[in-house]
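S.K.: I need the structure of the sequence given here:
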Amino acid sequence: MQGSSNYMATDHSGTNHDGSPHGGFLSHYVFSTDHKVIGLNYLWLALFSVFLGMAMSLLIRIHSVWPGVHLPFLSGLGDSPDHFAALTTLHGSLMVFLVLTAAPQAGFGNYFLPLQIGAREMAFPKLNLLAFWATVASFLGLTITFLILAYTAITLWIVSVAIFCTASLANALNCSVTVIDLRGQGMTLPRLPLTVWAWFINAILGMLIFSILLAACVCLLSDRILSTHFFSVMNFVANQPAGAIATAVPVLWRRLFWFFAQGEVYVAMLPCFGLITHLISTFSRKPVWRERFVVLALFGMGVFGFCVWGQHMFSSGMNPFSPLVFSLLASSLGVPATILLISWIETLWDARVRLNTAMLFALGFISLFLSGGLSGIFLARHDLASPAVSEDFVTGHFHLVMGVAATFAILGALFFWFPKMFGRRLNESLGKIHFWLTFAGVYCVFMPMHWLGLMAHSRVSSANGLASVAAAGSSIRNFITGAILLTALAQGLFLANFLWSLFRGERVLENNPWRATILEWTVSSPPPTDDFGPSDPVVYRGAYEFSVPEVAEDFVPQHFAAGQVVKARESGE
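M.R.: Now for the predicted structure:
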């Protein structure tokens, strides 16, 4: 049995050769086209952005509950409403662009996609490097907008968003071509890991929506700098035929923006669905239930997510039948979501679950996705999507699904892949404490926001009723603020765990500590510069062959041929 264990967990194809980088700091970390270095750089950028964004959210929350308090970051800038609005914009921009988009797709995708399909590099390495530095330039531009005058800041924000869209288009093109053209020998489409499917579908969706936002930003910049009239109200009204409604307002910008923004939700979520399915299968020691249905569900999420943009346009003078159509499309998102949820539950059913920190974050993701998805059913109604509803309900739903759930998936993937990226383990005890504090904290923050939104939607006419609603709302807001402070402090525990483990953590002495089946676990930790050493890997089977009978380690890696499986069975006997 022990001999079989070593055989199944270790690859003997010469992958533990010296792959250490040669050259100086600039050549290896700044100008390197190695997909692993670029992927790590994206993750470092996302880590810095998430803590900066959290600081912004704390300032916003303190100001909303105690408006008379002088915020330390705003006091030198006059504490004006313009700067508070800029603070909100900066928080949203950092979280949506630099964290939820960059980390799961550009970070983990760049690092692990070539390793998982048996490729040695991304299809366009130099374009990959250029896209990263364009993302850094976008980050700097977004941050500087907070420190300059309003009109110039808006122009710089649009330029920064346009640069980020260009970088994202380059990443999406690179990812798509890599999956289509550079798969290793034997890596057919049915054998692709679900993480790769999620990155691939997400790249296709990204090419569609980022191109739209890039065009909208270029038109908007043209209006501001070249005095064109793409989004001019007066130009729109002047060109209408006689008898047209004089108060008509063009909605072209809003249409283009929501074409992007609704799809962006699924750009953030699609990689997370792949990551969570991958983690659940690995730590349940069972194959993914109805794997091909899961792939179809991922496609369905991408298609429906792109088609429900009009859900946010109900109050913009659309065709009277449009709310019905888009409500039905929004409700149809429940079909692929239900397929994913059933697959996760069936995979967990009667399984030998390993409740490590990565698995806890995966289970937490399922809970948050289910809770936030139920509130999304309410928002599919056109009357609840109207401006009459308090923004608190939408804020709670949006953060619970896209913000916190996606963050849980990123954290689960980080605990899972940390040994592969750095050759050390994150501390499991600290990780579990961090998980439970964060899990309880986010529910205490965002579920009460739903209640605030429903309270604003209620019809209370008497003075006593209005006073009681106002008092209850004030108490809930104070509770939310306290929960945010405690949740933010819990993230300090994660940061301490991350930094300590990075330099002093337990070293990983084997290539495959999680007993996983995917190709990245056949190479050393961290992987060598050329990924797979002198010989390219050959794939013989699917990505989730767990609970295999008569095999000592209960799994068969993708690169094991039939003869090697027989040898492992004989060793087990």
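S.K.: Grab the longest helix from the chain for me.
M.R.: helix 463-504 (DSSP state H).
S.K.: That one: how far from the chain's middle?
M.R.: 22 Å (CA atoms, centre = their mean, to the nearest Å).
S.K.: For that helix, which helices and strands make contact with it?
M.R.: With contacts defined as 3 or more CB pairs under 8 Å, 6 or more residues apart in numbering; DSSP states H and E, the packing partners of helix 463-504 are helix 35-65, helix 406-422, helix 428-457. (Each C-beta comes from the backbone N, C-alpha and C, glycine too.)
S.K.: Quick check on Val288: phi, psi?
M.R.: Reported as degrees, to the nearest 10, the phi and psi values for Val288 are phi -60, psi 130.
S.K.: Around it, count how many other residues there are.
M.R.: Taking other CB atoms under 10 Å as the criterion, the count of residues near Val288 is 25.
S.K.: Pull up the gap between it and Val177, please.
M.R.: Counting by CB to CB, to the nearest Å, the gap between Val288 and Val177 amounts to 26 Å.
S.K.: Check Val404 too.
M.R.: Note on Val404: its distance to Val177, by CB to CB, is 33 Å.
S.K.: Have a look at these two and say which one is more surrounded.
M.R.: Val404 (25 against 15).
S.K.: Wait, that one touches Cys444, no?
M.R.: No: Val404 sits out of contact with Cys444 when judged by CB atoms under 8 Å, with a separation of 11.7 Å.
S.K.: Quick one: residues contacting Ala119.
M.R.: Each residue near Ala119 by CB atoms under 8 Å, 6 or more residues apart in numbering is listed here: 113, 178, 182-184, 531.
S.K.: If we use 7 Å, what do you get?
M.R.: Ala119 makes contacts with 178, 182-184, as judged by CB atoms under 7 Å, 6 or more residues apart in numbering.
S.K.: got those as JSON lines, with distance to Leu40 and neighbour count columns?
M.R.: Supplementary listing: those in JSON lines, determined by distance: CB to CB, whole Å; neighbours: other CB atoms under 10 Å:
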{"residue": "Thr178", "distance to Leu40": "18", "neighbour count": "26"}
{"residue": "Leu182", "distance to Leu40": "20", "neighbour count": "17"}
{"residue": "Arg183", "distance to Leu40": "23", "neighbour count": "20"}
{"residue": "Gly184", "distance to Leu40": "23", "neighbour count": "20"}
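S.K.: Just the residues you listed: which are in helices?
M.R.: Per DSSP H, helices hold the following members of those: Thr178.
S.K.: Gln311: which of the contacts of Ala119 is nearest?
M.R.: Looking at the contacts of Ala119 and their distance to Gln311, the nearest is Thr178, at 32.9 Å (CB to CB).
S.K.: How about that closest one: what's its closest non-neighbour residue?
M.R.: Among residues not flanking Thr178 along the chain, Ala123 sits closest, at 4.4 Å (CB to CB, 6 or more residues apart in numbering).
S.K.: How many residues are close by the nearest residue to Leu502 once chain neighbours are set aside?
M.R.: With CB to CB, 6+ apart as the criterion, Leu502 has its nearest non-adjacent residue at 6.1 Å, and that residue is Phe422. For Phe422, the number of neighbouring residues by other CB under 10 Å comes to 19.
S.K.: ditto for Leu486
M.R.: Leu486 is surrounded by 14 other residues when neighbours are defined as other CB under 10 Å.
S.K.: what's the answer for Phe418, then?
M.R.: Look at Phe418: counted by other CB under 10 Å, it has 22 neighbours.
S.K.: quick one: the residue nearest to it when sequence neighbours are not counted from Ile476, how far?
M.R.: Nearest residue to Phe418 in three dimensions, chain neighbours excluded: Leu426, at 5.1 Å (CB to CB, 6+ apart). Leu426 sits 35 Å away from Ile476, taking CB to CB as the criterion.
S.K.: before we move on, what about Arg285?
M.R.: Separation of Arg285 from Ile476 (CB to CB): 43 Å.
S.K.: now do Leu208
M.R.: Noted for Leu208: a distance of 39 Å to Ile476, by CB to CB.
S.K.: Looking at Leu426 and Ile476, which is more packed in?
M.R.: Leu426 (25 against 16).
S.K.: Skipping adjacent residues, who's closest to Leu94 in space?
M.R.: Spatial nearest neighbour of Leu94, chain neighbours left out: Gly53 (4.1 Å); criterion: CB to CB, 6+ apart.
S.K.: Equivalent analysis for Met359, please.
M.R.: Once chain neighbours are set aside, the closest to Met359 by CB to CB, 6+ apart is Phe283, at 4.2 Å.
S.K.: Before we move on, what's the pLDDT of the closest residue to Gly310 other than its chain neighbours?
M.R.: Once its chain neighbours are removed from consideration, Gly310 has its nearest residue in Phe326; the separation is 4.1 Å (CB to CB, 6+ apart). Listed pLDDT for Phe326 reads 79.
S.K.: Pretty sure Phe326 sits against Val308.
M.R.: Yes: Phe326 is within contact range of Val308, at 5.7 Å (criterion: CB atoms under 7 Å).
S.K.: Tell me the buried residues in stretch 527-540?
M.R.: For stretch 527-540, a neighbour-count test (16 or more other CB atoms under 10 Å) marks 527-529, 531-533, 537-540 as buried.
S.K.: and which of those residues is nearest Val218?
M.R.: Distance to Val218, by CB to CB, is smallest for Asp531 among the buried residues of stretch 527-540, at 37.8 Å.
S.K.: relative to helix 406-422, how tilted is the helix or strand in which Asp223 is found?
M.R.: According to DSSP states H and E, Asp223 maps onto helix 194-225. With axes from the mean of the first three to the mean of the last three CA atoms, to 10 degrees applied, the angle from helix 194-225 to helix 406-422 works out at 110 degrees.
S.K.: so where's the chain uncertain?
M.R.: Of all residues in the chain, those with pLDDT under 70 make up the ranges 1-23, 68-81, 232-250, 314-320, 379-390, 456-473, 563-573.
S.K.: and if we set it to 80?
M.R.: Scanning the chain for pLDDT under 80 picks out 1-29, 62-85, 229, 231-252, 310-327, 330-331, 375-392, 453-474, 548-553, 562-573.
S.K.: Touching stretch 415-427 from outside, list them.
M.R.: The contact list for stretch 415-427 (CB under 7 Å, 6+ apart) reads 40, 111-112, 279, 357-358, 361, 431, 497-498, 501-502, 505-508, 513-514, 520, 525-526.
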